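Asker: A structural model of the following input is requested.
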Amino acid sequence: MLIIRNADVYAPLPLGAQDLLLGGGRILWLGAPGALADLPAALPAATETLDLEGARLIPGLVDGHVHVTGGGGEAGFRTRVPPVGLSRFTTAGITTVVGLLGTDDITRTPGELLATVRALREEGLNAWAWAGGYHLPPATLTGSVRGDLVHLEPFLGIGEVAISDHRSSQPTFDELLRLAADAHVAGLMTGKAGVLHLHLGDGVRGLELVRRALDASELPARVFHPTHVNRRRALFEEALELARRGCTIDLTAFPVADGEDAYTAADALARYLASGAPAERITVSSDAGGCLPCFDGDGQVCSMGVGQAGALLATLAELTGRGLALERVLPAFTSNPARLLRLPRKGAIAVGHDADLVALDATGAARTVIIDGEVHVRDGVAVRRGTFEH
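Answerer: Now for the predicted structure:
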């Protein structure tokens with residue numbers, strides 16, 4: 001058990017100064033400082049007390065788009081990105097990840113993805129996965145993506161299926177509808193998210209297929225979850241309209257060069273919130289471990305970067321540094337993805353919720369990180385590391 005004292009809690013709504021009692025991986029009690037004064041005598045002798053001295057305490061970040069096995073491979077086998085270690089997430093304040101396969105869904109397999117998710121769980125991280133990958137027919141373990149969702153607990157939805165991208169399988173409208181229907185029906189059967197997570201490339205068709213699906217099918221808008229929508233400014237405007245129609249859209253916290261036809265995640269989130277679109281229908285993810293290639297006119301890689309887990313807290317710090325209230329921007333990193341993914345005990349600080357907590361220092365970096373009641377980061381240093389990180 002763990003007592004947290006003197007926390008300035010954003011749940012994500014601001015609750016002010018609070019003390020918390022954690023036990024069994026959950027938040028057992030939350031209340032005014034000092035109200036626990038007489039309780040420690042009744043608690044086990046091993047109960048630890050952590051004094052945050054007024055530091056901001058937020059829910060652990062929920063990152064819905066992570067290449068946990070490593071991404072890349074667009075410029076030869078040497079460009080396959082290595083897997084992402086546990087402490088890369090925890091020191092970045094990320095307590096929940098959803099792993100996926102990208103361009104390479106041949107040498108990276110659903111079996112490898114599932115094993116990596118289970119390994120991260122064994123090391124203490126909350127981890128789930130998207131079934132399938134970029135291409136059609138989707139890579140599966142049971143023979144169908146619907147079967148993977150129904151029979152394999154870690155799979156929450158289908159993704160990242162690539163559209164409007166030269167690396168995609170160029171899926172047709174009917175193929176996209178069938179995938180979305182598989183995700184939706186599997187979600188109904190299992191209570192899982194049942195979402196189709198769509199990679200958006202630079203193609204001029206943008207979100208045309210999703211608009212057609214909303215116009216011509218019976219599928220609910222919540223099934224469609226396009227990501228990377230800030231990679232082109234016109235694409236972001238398309239996505240904004242889809243959010244108004246009921247889709248949840250996802251921003252990627254990747255670097256944007258001066259003059260580039262793109263929005264940073266901070267710029268895009270600020271624009272979204274100022275637009276009056278539903279505040280609950282936007283999420284931000286890191287693309288950690290994924291390759292961030294730049295292609296020339298012939299589709300050849302001319303430069304390459306790698307997504308970083310730390311981009312989420314950096315984006316959050318940039319937004320608050322501009323004067324946006326923490327409680328205004330925090331849901332896109334916490335409660336919004338938790339709601340979309342149907343993870344009811346994630347993304348918020350409340351009694352009965354999982355004890356996934358991040359205390360921020362004055363710069364907005366992760367000072368203390370707790371996952372399921374266990375301290376992973378203390379004073380900015382990982383005190384628990386992955387098996388091969390030592």
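
Asker: other SSEs contacting the helix or strand in which residue 338 is found?
Answerer: Using DSSP states H and E, the element containing residue 338 is helix 335-340. Judged by 3 or more C-beta pairs under 8 Å, 6 or more residues apart in numbering; DSSP states H and E, the packing partners of helix 335-340 are strand 61-66, strand 282-285. C-betas here are computed from N, CA, C, even on glycine.

Asker: Not counting that helix itself, show me its contacts.
Answerer: Applying C-beta atoms under 8 Å, 6 or more residues apart in numbering, the external contacts of helix 335-340 come out as 12, 59, 62-64, 96, 193, 195, 222, 225, 248, 280-283, 285, 344, 346-348.

Asker: redo that, cut-off 6 Å
Answerer: Residues outside helix 335-340 that contact it (C-beta atoms under 6 Å, 6 or more residues apart in numbering) are 12, 62, 64, 248, 280, 283, 346-348.

Asker: Next, format the residues you listed as TSV and append distance to residue 388.
Answerer: Listed next are those as TSV, based on distance: C-beta to C-beta, whole Å:
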residue	distance to residue 388
12	34
62	25
64	25
248	35
280	38
283	30
346	27
347	29
348	33
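
Asker: out of the residues you listed, who has the most neighbours?
Answerer: The most crowded member of these, judged by other C-beta atoms under 10 Å, is residue 64 (31 neighbours).

Asker: That one and residue 285 touch, don't they?
Answerer: Yes: using C-beta atoms under 6 Å, residue 64 makes contact with residue 285 at a distance of 4.9 Å.

Asker: Figure out the length between the terminal residues of stretch 86-100.
Answerer: With C-alpha to C-alpha, to the nearest Å as the measure, stretch 86-100 spans 16 Å from end to end.

Asker: typo on my end, it should be stretch 322-330
Answerer: Using C-alpha to C-alpha, the end-to-end distance of stretch 322-330 comes to 14 Å.

Asker: Flag every buried residue along it.
Answerer: Neighbour counts over stretch 322-330 (16 or more other C-beta atoms under 10 Å) mark 324, 326, 329-330 as buried.

Asker: Also stretch 228-242?
Answerer: Residues 228-232, 235-236, 238-240, 242 are the ones in stretch 228-242 that count as buried (16+ other C-beta under 10 Å).

Asker: quick one: contacts of that stretch?
Answerer: Stretch 228-242 is contacted from outside by 200, 206-207, 249, 251-252, 261-263, 268, 277, using C-beta under 6 Å, 6+ apart.

Asker: coming back round to it: can I get the helix holding residue 338 in CSV? Just the C-alpha atoms.
Answerer: Taking Å, rounded to 0.1, in the frame of the first residue of the first chain, the C-alpha atoms of helix 335-340 are listed here in CSV:
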residue,chain,number,x,y,z
SER,A,335,-9.5,10.2,-20.5
ASN,A,336,-10.3,10.5,-24.2
PRO,A,337,-8.2,7.6,-25.4
ALA,A,338,-9.3,5.5,-22.4
ARG,A,339,-12.9,6.2,-23.3
LEU,A,340,-12.4,5.3,-27.0
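
Asker: what is the mean pLDDT for it?
Answerer: Averaging pLDDT along helix 335-340 gives 98.

Asker: downstream neighbour of that helix in the secondary structure list?
Answerer: Using DSSP H and E, the helix or strand that follows helix 335-340 towards the C-terminus is strand 357-360.

Asker: Give the other helices and strands that that next one contacts.
Answerer: Identification of packing neighbours for strand 357-360 by 3 or more C-beta pairs under 6 Å, 6 or more residues apart in numbering; DSSP states H and E yields strand 56-59, strand 366-371.

Asker: Could you pull out the buried residues of that strand?
Answerer: For strand 357-360, a neighbour-count test (16+ other C-beta under 10 Å) marks 357-360 as buried.

Asker: Make CSV from the residues you listed and add pLDDT and distance to residue 27 to it.
Answerer: Formatted as CSV, the buried residues of strand 357-360 follow (pLDDT from 0 to 100; distance: C-beta to C-beta, whole Å):
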residue, pLDDT, distance to residue 27
357, 98, 8
358, 98, 14
359, 98, 14
360, 98, 18
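
Asker: Distance to residue 154 added to the residues you listed, as JSON lines?
Answerer: Shown next, in JSON lines, are the buried residues of strand 357-360 (distance: C-beta to C-beta, whole Å):
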{"residue": "357", "distance to residue 154": "23"}
{"residue": "358", "distance to residue 154": "23"}
{"residue": "359", "distance to residue 154": "28"}
{"residue": "360", "distance to residue 154": "29"}
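
Asker: circling back to that earlier point, select from the buried residues of stretch 322-330 every entry located in helices.
Answerer: 326, 329 (DSSP state H).

Asker: ok, so of the buried residues of stretch 228-242, who is nearest residue 171?
Answerer: Using C-beta to C-beta, the shortest approach to residue 171 within the buried residues of stretch 228-242 belongs to residue 228, at 16.3 Å.
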